[in-house]
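**Student:** sequence and predicted structure are below.
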Amino acid sequence: CVLKLKQQKSPLNKLLDHLLRFLEKRDPHQFFAWPVTDDIAPGYSSIITKPMDFSTIRQKIDDSEYGTLTEFTDDFKLMCENAIRYNHVDTVYHKAAKRLLQVGTKHLMPENLMRSLKPLS
Ligand SMILES: CC(=O)c1cc(-c2ccccn2)c2ncccn12
């Protein structure tokens with residue numbers, strides 16, 4: 001059998017891997033871990049046209065689908081904004097999405113990113 005050579009992780013993929021793990025830790029209830037289904041959220045797929053969740057982001061990193069940090073950040077923001085739009089303001093999901101977006105945006109800013117980059121070098 002042909003052994004699949006272990007592709008070396010690119011510097012970007014190492015950074016995205018590190019950032020994803022950091023962001024997942026800020027979702028302790030795992031509200032954002034998996035795609036939202038119409039079963040748990042009635043009408044979700046007709047309201048949210050571009051769904052996103054951490055498992056999908058993980059798959060895209062592993063498939064090297066992110067060419068830039070901005071593409072990763074856009075998916076993270078999309079995931080949070082979907083939850084802010086679909087869920088009423090007084091729900092745990094809306095509140096968790098607002099908090100996650102705020103924490104995530106702060107740590108994805110360049111000056112804070114450098115903090116994440118240092119141990120990776
Ligand atoms: C992220 C989101 O919108 C969400 C996650 C969940 C969720 C996630 C894990 C376990 C249970 N529910 C959810 N349930 C109802 C309505 C919305 N949601």
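**Tutor:** Cool, the structure landed.

**Student:** where does Leu117 land in three-state SS?
**Tutor:** Remark: Leu117 carries the secondary structure label helix [criterion: DSSP: H, G, I helix; E, B strand; the rest coil].

**Student:** tell me how many other residues crowd it.
**Tutor:** Here the number of neighbours of Leu117 (other C-beta atoms under 10 Å) works out to 12. Where you see a C-beta, it was placed from the backbone N, CA and C, and this is true even at glycine.

**Student:** for Glu81, same thing?
**Tutor:** What Glu81 shows, counting by other C-beta under 10 Å, is a neighbour count of 15.

**Student:** what do you get for His107?
**Tutor:** The local packing count at His107 equals 14, with neighbours defined by other C-beta under 10 Å.

**Student:** now do the contacts for Leu78.
**Tutor:** Contacts for Leu78 were tallied using C-beta atoms under 8 Å, 6 or more residues apart in numbering; they are Lys50, Met52.

**Student:** also Asp17?
**Tutor:** Applying C-beta under 8 Å, 6+ apart, one finds that Asp17 lies in contact with Lys9, Ile61.

**Student:** got phi/psi on it?
**Tutor:** The phi and psi torsions at Asp17 (degrees, to the nearest 10) take the values phi -60, psi -50.
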